[in-house]
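S.K.: Next one to model:
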Amino acid sequence: MSRHTLLDRTGATARPAPVMPSACESGGCGSASAVPRRPPPPSFGTVTVNGVEIEPEAIAQEMQHHPAPDGETAWREAARALALRELLLQEARRLGIEADPEEIEDGGREIEEDAVIRSLLERRVEPAKAGEDECRRYYESCVDRFRTPDLYEASHILIEPDGDEPAAWARAEAEARAIAAEIGDDPETFAAAAREFSKCPTAHQGGSLGQVRRGELAPEVQEALEALAEGKTGREPVRSRFGWHVIRLQRRIAGHTLPFEIVRDRIADMLDARSWTMSAARYAAELARSADIQGVLIDPDSIGAGQ
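M.R.: Residues are numbered from 1 along each chain as shown. Okay, here's the model as predicted:
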């Protein structure tokens, strides 16, 4: 989370201009009459902030960034975001704050209005910094978040069916069962069989998958792998959408909890970012309390709660 979190909420994130299709792409052949007429932007009323209207076209364009179950809800969220954005811009102009665009991640620069809003919030928002005790309390209450994942050093042999019909899958299963029964638990025998029979690219390395963590394998394969004892080959092949797998677990490496000292800075950054977002929301709420906003409901209490 960064200082741009509130800017994102108020519609201040820079977005690329839409690319218009060519005449051929749009179904025409180059003539003006062949280009389809764009439908009018949706509108559920006029939206103004201290007498300044938010253009319906701007709300319609903003709607794409506010997924909702229906058009009215999307329009309302888009109008709310642009109204808050306009409110912040008006306050920046009142204070005489000028833009000082910064470079952004993609190598470009902030657009002028984004820079103005960022400068305003940096000047007016002073969040509290997370202290040692607060960081430690967070660590102790969420200690499971700071545990490294369990790792599984595993190998497999993939037998692909030679077609999609049930008979092809049955033949692949029979082959996988025969291989599992023959190779047993010997790692060298397993590796040799993988090189000979497996259709996975890992066949060239004896079927080795390296060290994998939960979520990196197909769910069926992961479940079977976790049920194996170290140094054992599964006697029951496992079916996935790729085919039938003969699985071997070489060893299990248990995760461990990272000490507080290692993650303290990470926690502090997260808490500081959260504090900044809440402080910025409270600042926007105070502006909304004294503003004349028409056409869209903005609840200052909801803004102050970070909603």
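S.K.: so which strand or helix has Ala284?
M.R.: In the assignment (DSSP states H and E), Ala284 maps to helix 260-289.
S.K.: average pLDDT for that helix?
M.R.: Computed over helix 260-289, the mean pLDDT rounds to 93.
S.K.: for stretch 90-104, what is the average pLDDT?
M.R.: Throughout stretch 90-104, pLDDT has a mean value of 88.
S.K.: count of neighbours near Gln61?
M.R.: As a burial measure, Gln61 scores 17 neighbours (other CB atoms under 10 Å). In this view, the C-beta of every residue, glycine as well, is placed from N, C-alpha and C.
S.K.: So it, which state does it fall into?
M.R.: Gln61 carries the three-state label helix when classified by DSSP: H, G, I helix; E, B strand; the rest coil.
S.K.: ok, back up a step: heading C-terminal from the helix holding Ala284, find the next helix or strand.
M.R.: Proceeding N to C from helix 260-289, the next assigned helix or strand is strand 293-294, under DSSP H and E.
S.K.: elements contacting that following strand?
M.R.: Helices and strands in packing contact with strand 293-294 are listed as strand 47-49; criterion 3 or more CB pairs under 8 Å, 6 or more residues apart in numbering; DSSP states H and E.
S.K.: Just the strands from the stretch 101-250 of the chain, written as ranges.
M.R.: Counting by DSSP state E, counting those that start in this stretch, the stretch 101-250 of the chain has strands at residues 151-159, 208-213, 232-233, 238-240, 243-253.
S.K.: what's in contact with the third one?
M.R.: Going back to what we said before, that points to strand 232-233. Ala180, Ile183, Gly184, Asp185, Phe190, Val246, Ile247, Arg248, Leu249 (CB atoms under 8 Å, 6 or more residues apart in numbering).
S.K.: any idea of the mean pLDDT in that strand?
M.R.: 96.
S.K.: What pairs with it, parallel or antiparallel?
M.R.: Note on strand 232-233: by DSSP bridges, its sheet partners are strand 243-253 (antiparallel).
S.K.: Counting neighbours, show which residues of the partner strand come out buried.
M.R.: Gly243, Trp244, His245, Val246, Ile247, Arg248, Leu249, Gln250 (16 or more other CB atoms under 10 Å).
S.K.: ok, now stretch 165-184?
M.R.: Neighbour-count burial for stretch 165-184 flags Trp169, Arg171, Ala172, Glu173, Glu175, Ala176, Arg177, Ile179, Ala180, Ile183 (criterion: 16+ other CB under 10 Å).
S.K.: same check, this time on stretch 88-97
M.R.: Applying a neighbour-count criterion of 16+ other CB under 10 Å, the buried positions in stretch 88-97 are Leu88, Leu89, Gln90, Glu91, Ala92, Ile97.
S.K.: wait, which of the residues you listed is closest to Val221?
M.R.: Proximity of the buried residues of stretch 88-97 to Val221, judged by CB to CB, is greatest for Leu88, which lies at 50.7 Å.
S.K.: any idea of the angle the host helix or strand of the closest one forms with helix 260-289?
M.R.: Taking DSSP H and E as the definition, Leu88 sits inside helix 71-94. Here helix 71-94 points in a direction 90 degrees away from that of helix 260-289 (axes from the mean of the first three to the mean of the last three CA atoms, to 10 degrees).
S.K.: For helix 71-94, which helices and strands make contact with it?
M.R.: Secondary structure elements in contact with helix 71-94, counted by 3+ CB pairs under 8 Å, 6+ apart, are strand 47-49, strand 52-54, helix 56-62, helix 112-124, helix 260-289.
S.K.: for the stretch 151-300 of the chain, which spans come out with low pLDDT?
M.R.: Counting by pLDDT under 70, the stretch 151-300 of the chain shows no low-confidence range.
S.K.: residues of the helix holding Leu88 that come out buried?
M.R.: Buried residues in helix 71-94, defined by neighbour count with 16+ other CB under 10 Å: 74-92.
S.K.: Which one of the helices and strands packed on helix 71-94 lies nearest to Glu165?
M.R.: For the helices and strands packed on helix 71-94, the distance to Glu165 is smallest for helix 56-62, at 50.2 Å, taking CB to CB.
S.K.: Kindly check the end-to-end length of stretch 238-246 for me.
M.R.: Counting by CA to CA, to the nearest Å, the length from the leading to the trailing residue of stretch 238-246 is 7 Å.
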